[in-house]
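S.K.: for reference, the sequence and a predicted model appear below.
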Amino acid sequence: MWKTLPLRGYLMGLKAITAVMPFRWPELYEGPGSALELVRRLAADGHRRVMVVSDATLVRLGLLTPLCAELERLGVEVALFDAITPDPTIDQIEAGLEALQRHAATALLAVGGGSPIDAAKLIGARARNRKPVARMAGLFRVHRGMLPLYAVPTTAGTGSEATLAAVVRDPERQCKLAAVDPRLIPTAAALDAELMVGLPPHITAATGMDALTHAVEAYISRNALARTDEKALEAARLVILHLPEAYRNGENREARQQMARAAHLAGIAFTQAGVGYVHAIAHQFGARYGTPHGLANAIAMPRVLDHALPACEARLAQLARHCGLGPERGSSRQRAEALVAHVRDMKEAFGIPDHLADLRETDIPAIARAARAEARFTYAVPRYLDQPGAEALVRDLLPPA
């Protein structure tokens, strides 16, 4: 029914629903040792069989060892599923479901970046809903919820530990599917900088720019509310202040903790306000070329903001002012442009390219169509793109000849 309404009416209805929807945020544990506090909470909730969802690299580095040992000390039987890769696939979700059923787990513990947390959401949803992932993709289709999920992010980017979304890749159709439902918000989460100190600089940068994208797109969304503005403004300020230090000095626990906080706040903001064309385009790059999500966002963000600026100049200027960017007595346009310029400067300082090396001219029409289709009835962007405009924007991201 909703998609038969004119776009403006549809978006107004979506904002009205968002404004009154009762979101249940995860119980949050923060600071050094908070990951151990979280697993104690899991045991205290009465779970005696749990499946830990992660990736092989984190297992090899030993990050999960103290958490699993504490669970076993508390009498919880642990099964480990570490087959999740960046941009998890539907096949990995099905394999995880089989592992969960073999272990008869009653809860999930996700440890890792956005990929393991998103995968754990979908594994838990599959266990409850008895329908394939493709039929849960879209808005409010996870009718039976998911198993209790406890999340420990090891990157400061996606904010998946606080969001109602889970994204999975369908390699056969070369697309990404997103399930969006408040029932996918985890039970509890821990932001523990100790688990992030070994993150390489390039991953720190890409995931941090992902958090910044969430904050900026939530703030300029036409679905933004006062409560999302508060979170988005603070998240953007924290990223701009602390990401350069976390990138330069990964051992700085305070910078890492503040970045974890920023990613979490940005996750809460975009869960309610939504994102925009940066994500719509980045999802196509990830599905088609396997581009890491944070990197894809960072590459696309300045060009998308250039396009959006005429329709959200005042909002970008307010965001710049909150982050201490732009001339003290500058005009709204000058401040907005200063924010976009700062995003470009951060990208350059982090060694993130202006262009996507894998992008091919022949793919551009299909990428533009898919990005427009994703955004049209999903994201309340400040300014919509037509097909020629979308193609031109994506074409600007081609590598030099």
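M.R.: Perfect, I can see it now. Just so it is clear, the structure is predicted and the values come from calculations on it, not from any experiment.
S.K.: can you pull out the low-pLDDT segments for the chain?
M.R.: Counting by pLDDT under 70, the ranges of the chain that qualify are 1-22.
S.K.: residue closest to the middle of it?
M.R.: The residue lying closest to the centre of the chain (Cα atoms, centre = their mean) is T158, at 2.9 Å.
S.K.: ok, A69 - how many residues close by?
M.R.: A count of nearby residues for A69, using other Cβ atoms under 10 Å, gives 13. Placement of C-beta: from N, CA and C, glycine included.
S.K.: same question, the one 3 residues further on
M.R.: By other Cβ under 10 Å, 12 other residues sit near E72.
S.K.: show me the contacts for it.
M.R.: E72 sits next to V78 when contact means Cβ atoms under 8 Å, 6 or more residues apart in numbering.
S.K.: so is it in a helix, a strand, or just coil?
M.R.: Following DSSP: H, G, I helix; E, B strand; the rest coil, we place E72 in the helix state.
S.K.: change the start of the numbering to 852 and stick with it
M.R.: Let's use 852 as the start, then, which means that last one is E923.
S.K.: and the gap between it and L893?
M.R.: Noted for E923: a distance of 12 Å to L893, by Cβ to Cβ, to the nearest Å.
S.K.: was I right to think the residue nearest to the centre of the chain contacts T1058?
M.R.: Yes: assessed by Cβ atoms under 8 Å, T1009 is found in contact with T1058 at 7.3 Å.
S.K.: identify the contacts common to these two.
M.R.: Common neighbours of T1009 and T1058 (Cβ under 8 Å, 6+ apart) are G964, A1114, G1145.
S.K.: do a quick rundown of the strands in the stretch 902-1051 of the chain.
M.R.: 928-932, 958-963, 989-990, 1000-1004, 1016-1021, 1026-1031, 1039-1042 (DSSP state E, counting those that start in this stretch).
S.K.: and A1241, which of those is closest to it?
M.R.: Among the strands of the stretch 902-1051 of the chain, the nearest to A1241 by Cβ to Cβ is strand 1026-1031 (16.4 Å).
S.K.: can I get the closest one in PDB, CA atoms only?
M.R.: Output of strand 1026-1031 as PDB, limited to C-alpha atoms (Å, rounded to 0.1, in the frame of the first residue of the first chain):
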ATOM      1  CA  CYS A1026      23.100  -7.400  -4.900                       C
ATOM      2  CA  LYS A1027      22.900  -6.800  -1.200                       C
ATOM      3  CA  LEU A1028      19.800  -7.500   0.800                       C
ATOM      4  CA  ALA A1029      18.900  -5.600   4.000                       C
ATOM      5  CA  ALA A1030      16.500  -6.800   6.600                       C
ATOM      6  CA  VAL A1031      15.200  -3.800   8.600                       C
END
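S.K.: what angle separates that strand from strand 1016-1021?
M.R.: 160 degrees (axes from the mean of the first three to the mean of the last three Cα atoms, to 10 degrees).
S.K.: buried set for stretch 1119-1137?
M.R.: For stretch 1119-1137, the neighbour count (16 or more other Cβ atoms under 10 Å) marks 1119-1137 as buried.
S.K.: sorry, wrong one. I was asking about stretch 936-947.
M.R.: Under the neighbour-count criterion of 16+ other Cβ under 10 Å, stretch 936-947 has P937, D938, P939, T940, I941, Q943, I944, A946, G947 buried.
S.K.: can you name the residues that contact the residue lying closest to the fourth one once chain neighbours are set aside?
M.R.: Here the nearest residue to T940 in space, its sequence neighbours aside, is R1020; by Cβ to Cβ, 6 or more residues apart in numbering that works out to 5.1 Å. Contact analysis of R1020 by Cβ under 8 Å, 6+ apart lists D938, P939, T940, I941, C1026, K1027, L1028, G1137, A1138.
S.K.: ok, now G1127?
M.R.: Contacts for G1127 (Cβ under 8 Å, 6+ apart) come out as E1068, I1071, S1072, V1155, A1159, A1226, Y1230, V1232, P1233.
S.K.: dump those residues to a markdown table, plus distance to A1016 and secondary structure.
M.R.: Output for the contacts of G1127, formatted as a markdown table (distance: Cβ to Cβ, whole Å; DSSP: H, G, I helix; E, B strand; the rest coil):
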| residue | distance to A1016 | secondary structure |
| --- | --- | --- |
| E1068 | 13 | helix |
| I1071 | 19 | helix |
| S1072 | 14 | coil |
| V1155 | 19 | helix |
| A1159 | 21 | helix |
| A1226 | 15 | helix |
| Y1230 | 12 | coil |
| V1232 | 17 | coil |
| P1233 | 21 | coil |
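S.K.: out of those residues, who's the most crowded?
M.R.: E1068 (31 neighbours).
S.K.: my guess is it contacts V1129, does it?
M.R.: Yes: counting by Cβ under 8 Å, E1068 touches V1129, with 5.9 Å between them.
S.K.: could you measure from the residue nearest to the centre of the chain over to A1016?
M.R.: Remark: distance between T1009 and A1016 (Cβ to Cβ) = 9 Å.
S.K.: which neighbours do those two share?
M.R.: Contact criterion Cβ under 8 Å, 6+ apart; residues shared by T1009 and A1016: D969.
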